[in-house]
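1. below is the sequence, then the predicted model.
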Amino acid sequence: ELLACDRVWINLTPATMSDGYDLLAPHALGVKAGRIHALIPMSELSGPFPESWQDMKGRLATPGLIDCHSHLIYAGSRAAEFEQRLQGVPYAEIARQGGGILSTVRATRAASEDQLFTLALDRLKSLLREGVTTVEIKSGYGLTLEDELKMLRVARRLGRALPVRVRTTLLAAHAVPPEFDADGWVDLICDQLIPIAAAEGLADAVDVFCEGIAFNLAQCERVFAAARAHGLPVKGHMEQLSNLGGSALAARYRALSVDHLEHLDAAGITALAESGTVAVLLPGAFYFLRDTNLPPVQALREAGVPIAVASDINPGTSPLVSLRLAMNMACTLFRLTPEEALCGVTRHGATALGAAGLGQLKVGMEADFLVWSCAHPAELAYQVGVDQLVARVVKGQETLGGLA
Ligand SMILES: O=C(O)CC[C@@H]1NC(=O)NC1=O
Ligand SMILES: [Fe+3]
């Protein structure tokens, strides 16, 4: 089996993530045509081994990390309003002064595709260096037909430029642009933007911000129905600041995921358990907003709802460009275990993107895996800011060299 492989790594200690860590004894891992072709215990092999088989000396191996929720592409900065907020200026006042999402919208509309690409590239490289091999990137700062499509094109271009899988999400229902009222903007999303994005293959999913300051249940349902009509799966920013019943609506549309969930209730949890929708926790926004209303983690566990963790990188509520920091916060703030946090950025992160072949070390899965210098997988959520990657393999190709 191993002799048939394009490339072989030996003496790996795999955390397969197929059921919790599922930490195995040392194995050999063989890759063929970008997929895991063999995963064999070293105890079943006897040397001498071919020179080309790379000896990883017993080091920990995990699936590539999956950041299933980011707003990585944007121009401008919200640092000034961060400073104002810390000085006690209320959100409403900042919004009245033109701050908030719409200030990022103005800067993103004014930026060219090239400028947005260059700005996002550095953020994306930071994620890749800490082990992210798949990232979801949303639109949502253009808020015109052309600028939303521009953002999705930049996302697709990022996936071609770097050794990473990019999943794109149309989040035009992120905020109401100044030129429309909410219903008028939802009309354009449903009648023009979703059809074009689907026809041009620019969007892998459609997302909404279901909130009092954004779009109501009826408007979100119109967007979901239009997405379904064009064969696109849906997801939603749900129950972040209040409970409009967004998660139950998303479950009715068999959404891939619902995200944030600080105000999720029992009815929503029951609906998610029935639909198989993933609960994506975004501790970066909770932390940065100094929120105190915790998502119902224990109730989600008891209902068997899969829990994922993501960065929610965005300039307003989570300017924290690190998935491992999000893992650490999911443990320290939301009391996930390190094992749940790692599952949340591998197997469950893959499910939140509908990416069946990703997120586990198993024969037949995509050959996206990482080799670490740390001894135990719990360290990945425990420690932040230390470069511990020894190898980063995407589609069976070693990629760390290209990220220097
Ligand atoms: O403030 C921003 O720029 C985005 C806020 C961000 N978007 C969303 O739907 N929820 C959030 O916290
Ligand atoms: Fe978000």
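-> Noted; the coordinates are in hand. Ligands and ions are numbered 1, 2, ... in the order given.
2. which parts of the stretch 301-404 of the chain sit against ligand 1?
-> Residues of the stretch 301-404 of the chain lying near ligand 1 by C-beta under 6 Å from any ligand atom: Asn314, Pro315, Gly316, Thr317. In this view, the C-beta of every residue, glycine as well, is placed from N, C-alpha and C.
3. got a list of what the closest residue to His376 other than its chain neighbours touches?
-> Closest residue to His376 apart from its sequence neighbours, by C-beta to C-beta, 6 or more residues apart in numbering: Leu60 at 7.1 Å. Leu60 makes contact with Leu12, Thr13, Ala15, Val371, Trp372, Cys374, Ala375, His376, Pro377 under the criterion C-beta atoms under 8 Å, 6 or more residues apart in numbering.
4. check contacts around Asp265.
-> Taking C-beta under 8 Å, 6+ apart as the test, what Asp265 contacts is Glu239, Asn243, Pro296.
5. torsion angles phi and psi at it?
-> Main-chain torsions, Asp265, degrees, to the nearest 10: phi -110, psi 180.
6. quick one on the thing from earlier: export the contacts of Asp265 to JSON lines and tack on neighbour count, secondary structure and distance to ligand 1?
-> Below are those laid out as JSON lines (neighbours: other C-beta atoms under 10 Å; DSSP: H, G, I helix; E, B strand; the rest coil; distance: C-beta to the nearest ligand atom, whole Å):
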{"residue": "Glu239", "neighbour count": "26", "secondary structure": "coil", "distance to ligand 1": "11"}
{"residue": "Asn243", "neighbour count": "18", "secondary structure": "coil", "distance to ligand 1": "15"}
{"residue": "Pro296", "neighbour count": "20", "secondary structure": "coil", "distance to ligand 1": "19"}
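7. hang on, Val208 in a strand?
-> Yes: counting by DSSP: H, G, I helix; E, B strand; the rest coil, Val208 is located in a strand.
8. ok, it - contacts?
-> Leu171, Ala173, Ala214, Phe215, Gln219, Cys220, Val223, Phe224, Val234, Gly236, His237, Gly246.
9. and it, what are its bridge partners?
-> Ala173, Gly236 (DSSP bridges).
10. look up how far Arg222 lies from it.
-> 10 Å (C-beta to C-beta, to the nearest Å).
11. now the closest residue to ligand 1 within the chain: closest residue in space that isn't a chain neighbour?
-> Using C-beta to the nearest ligand atom, the single residue of the chain nearest to ligand 1 is Gly316, 2.0 Å away. Nearest non-adjacent residue to Gly316, counting by C-beta to C-beta, 6+ apart: Arg78, 5.2 Å away.
12. now do Met238
-> That would be Gly246: by C-beta to C-beta, 6+ apart, it lies 3.6 Å from Met238.
13. ok, Arg335 next?
-> Val297 (6.4 Å).
14. name all residues that make contact with that neighbour.
-> Counted by C-beta under 8 Å, 6+ apart, Val297 has contacts Leu281, Ile307, Phe334, Arg335, Leu336.
15. in CSV, list the residues you listed along with neighbour count, secondary structure and pLDDT.
-> Formatted as CSV, the contacts of Val297 follow (neighbours: other C-beta atoms under 10 Å; DSSP: H, G, I helix; E, B strand; the rest coil; pLDDT from 0 to 100):
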residue, neighbour count, secondary structure, pLDDT
Leu281, 30, strand, 98
Ile307, 22, strand, 98
Phe334, 19, coil, 98
Arg335, 11, coil, 98
Leu336, 23, coil, 98
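16. now, which of the residues you listed sits nearest Asp259?
-> Leu281 (8.0 Å; C-beta to C-beta).
17. that closest one contacts Pro306, correct?
-> No: if you go by C-beta atoms under 8 Å, Leu281 and Pro306 don't touch, sitting 11.2 Å apart.
18. coming back round to it: the residue nearest to Gly316 touches Thr104, doesn't it?
-> Yes: if you go by C-beta under 8 Å, Arg78 and Thr104 touch, sitting 6.6 Å apart.
19. now for these two: what residues contact both?
-> Pro315, Gly316.
20. pull up the gap between the residue lying closest to Ile269 once chain neighbours are set aside and Ala266, please.
-> Once flanking residues are discounted, Ile269 sits nearest to Ala303: 4.9 Å by C-beta to C-beta, 6+ apart. Distance, Ala303 to Ala266, by C-beta to C-beta: 9 Å.
21. who's more crowded, those two?
-> Per other C-beta atoms under 10 Å, whichever of Ala303 and Ala266 has more neighbours is Ala303, with 17 against 10.
22. if I pick the more buried one, what's in contact with it?
-> Ile269, Thr270, Leu272, Ala273.
23. looking at these, which has the most residues close by?
-> Leu272 (27 neighbours).
24. now the host helix or strand of it: how far from the chain's centre is it?
-> Using DSSP states H and E, Leu272 falls within helix 266-275. Between the centre of helix 266-275 and the centre of its host chain there is 22 Å, according to C-alpha atoms, centre = their mean, to the nearest Å.
25. and the residue nearest to the spatial centre of the chain, what's its pLDDT?
-> When C-alpha atoms, centre = their mean is applied to the chain, the residue found nearest the centroid is Cys68 (1.6 Å). pLDDT recorded at Cys68 is 99.
26. mind checking how far the residue located most distally from the centre of the chain is from Cys5?
-> Residue farthest from the centre of the chain, counting by C-alpha atoms, centre = their mean, is Pro48 at 41.7 Å. From Pro48 across to Cys5, the span is 17 Å (C-beta to C-beta).
27. Ala203: which element?
-> Per DSSP H and E: nothing holds Ala203, as it lies in no helix or strand.
28. please report phi then psi for it.
-> Dihedral angles (degrees, to the nearest 10) for Ala203: phi -120, psi 130.
29. what pLDDT does it get?
-> Looking at Ala203, the pLDDT reads 98.
30. that one: how many residues sit nearby?
-> 29.
31. same check, this time on Gln298
-> So Gln298, with other C-beta under 10 Å, has 10 neighbours.
32. beta partners of the spatially closest residue to Trp372 that is not a sequence neighbour?
-> The shortest distance from Trp372 to any non-neighbouring residue, by C-beta to C-beta, 6+ apart, is to Leu60 (4.5 Å). The partner list for Leu60 in beta bridges (DSSP bridges) reads Thr13, Trp372.
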